[in-house]
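1. Any chance you could fold what I've pasted below:
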Amino acid sequence: MDIVTMGFLASLAAGLFTGVGALPVLFGKTVPRWLNDTLLGFAAGVMLAASFFSLIIPGVDIAKEQYGYAAVAAGIAVVGVVLGVAFVAGLNRWIPHEHFQLGHQGPEAKGLGKIWLFIFAITIHNLPEGLAVGVGFGSGDIAKGVTLATGIGLQNAPEGLAVAVALLSYNYSRLYAVTVAALTGLVEPVAGLAGAYAVTVSQLLLPWALTFAAGAMLYVISHEIIPETHSHGFENEATLGLTIGLVMMMFLDVAFA
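-> Here you go, the predicted model:
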C-alpha cells in the first residue's frame, strides 16, 4: 500500500472517531458540563503536543538535512507556522459559520440554515487535523503517521460528543445529532489525502507542510477549543484534561515514533 493511500485511510479512521465519540448520545447518556470541558481540554492537549513533537520538531530536523543550516530551518518553521495560522484565520473570517458558544462569525449568509453554518465551523476545525495526519504519512515515517492518527482519533472522540450534545440542546433528535457529528469528521480524509499527496510530489515541501499543519492546529487550539473549555467555570478541570492529553501524546510520540 502506498503512503498516500495509507495517509487517506488513517485520516479517515481518525475522522470516524468523531462519530464514535457521539454514540453515548444515541443511547440517552448525558455528559456533565465539567466532564465535557475536561475531555475537550484533553483534545487540546493532544493537538498541542502533536503540533510540536509530531510536526514542528520533525519539520525543523528535515529542513536542517535539506539545507544544512539551522537558521534556514528555523526560518522555514517560523514562516510555515505563521502561514498555517493565517490560512485558518482566513477561513474563519471569510466563511460564514456558527459556533454554539461564540455565536456567528464570518460574513452574513442569507438562506443558509444554522445547522449548515455549524457544519462549516466544524469543517474549518477539522481540516488541520486531517492535513496533519496526511502530511505525517506523506513524510514516509509510517510510525510518525500512525502516532499522529492515533492521537488525532483519540481527541476527535470528545469533540464528536460535544457536537452531538450541542445539537441536542437545539432540539435536534438523538439520531440526527449523532449522524451530523459523524459526518463532520469526514472532511479529515479529504484533507489527509491532499496533505499526503502534496508532500510526495516534492520532498522540499515536507518541512513547509509539517509546520503549516502545526500552525493551523495551533490556531484552532487557541481560538476555539481553549476558550470553549474556559467559558463555563471549569477551568481547573479543563487544564487537567489538557495536561493529560499533552503528556499522553508526548509519550506516544517519543516512545513509539
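2. Least confident secondary structure element in the chain?
-> strand 103-105 (a mean of 58; mean pLDDT, DSSP states H and E).
3. Could you pull up the mean pLDDT of the very next helix or strand once past that one?
-> Sequence-wise, the next helix or strand downstream of strand 103-105 (DSSP states H and E) is helix 114-138. With pLDDT averaged residue by residue, helix 114-138 scores 79.
4. Pull out the buried residues from the longest helix along the chain.
-> For the chain, the helix with the greatest residue count under DSSP state H is helix 142-169. Neighbour-count burial for helix 142-169, counted by 16 or more other Cβ atoms under 10 Å, picks out 144-168. Any C-beta I mention is one placed from the backbone N, CA and C, and that applies to glycine too.
5. just stretch 241-254 next, same as before
-> Of the residues in stretch 241-254, those buried (16+ other Cβ under 10 Å) are Gly241, Leu242, Gly245, Leu246, Met248, Met249, Met250, Leu252, Asp253.
6. dump the residue contacts of Ile152.
-> Applying Cβ atoms under 8 Å, 6 or more residues apart in numbering, we find Ile152 in contact with Ser11, Ala14, Val46, Met47, Ala50, Glu129, Ala132, Val133, Glu188.
7. ok, the closest residue to it other than its chain neighbours to Gln155 distance?
-> With Cβ to Cβ, 6 or more residues apart in numbering as the criterion, Ile152 has its nearest non-adjacent residue at 4.3 Å, and that residue is Ala14. To Gln155, Ala14 is 9 Å away according to Cβ to Cβ, to the nearest Å.
8. Looking at this protein, which residue reaches furthest from the middle?
-> Going by Cα atoms, centre = their mean, the residue of the chain most distant from its centre is Gly68, 31.3 Å out.
9. hang on, the earlier thing: specify which member of the buried residues of stretch 241-254 is nearest to Ile3.
-> When the buried residues of stretch 241-254 are ranked by distance to Ile3 (Cβ to Cβ), Asp253 comes first, at 18.7 Å.
10. where are the low-confidence patches of the protein?
-> Residues of the chain that meet the criterion pLDDT under 70 lie in 1, 96-118, 257.
11. coming back round to it: what is in contact with Ala14 and Gln155 at once?
-> Counting by Cβ under 8 Å, 6+ apart, the residues touching both Ala14 and Gln155 are Glu129.
12. Can you list the buried residues in stretch 202-221?
-> 206-221.
13. What are the phi and psi values at Lys29?
-> Lys29 adopts backbone torsions of phi -80, psi 140, taken as degrees, to the nearest 10.
14. Let me know how buried the residue nearest to Ile152 is, in neighbour terms.
-> 27 (other Cβ atoms under 10 Å).
15. Next one: it from Ser169, what distance?
-> 26 Å.
16. got it, and Ala162?
-> 11 Å.
17. before we move on, what about Asp141?
-> For Asp141 relative to Ser169 (Cβ to Cβ), the value is 41 Å.
18. do the same with Ala43
-> 19 Å.
19. Repeat that for Thr18.
-> Thr18 is 18 Å from Ser169, by Cβ to Cβ.
20. Who are the contact partners of Thr38?
-> For Thr38, the contact set (Cβ under 8 Å, 6+ apart) comprises Phe234, Glu237, Ala238, Leu240, Gly241.
21. From the residues you listed, which land in helices?
-> Glu237, Ala238, Leu240, Gly241.
22. From Gly90, how far out is the third one?
-> Same thing as Leu240. Distance of Leu240 to Gly90, computed by Cβ to Cβ: 33 Å.
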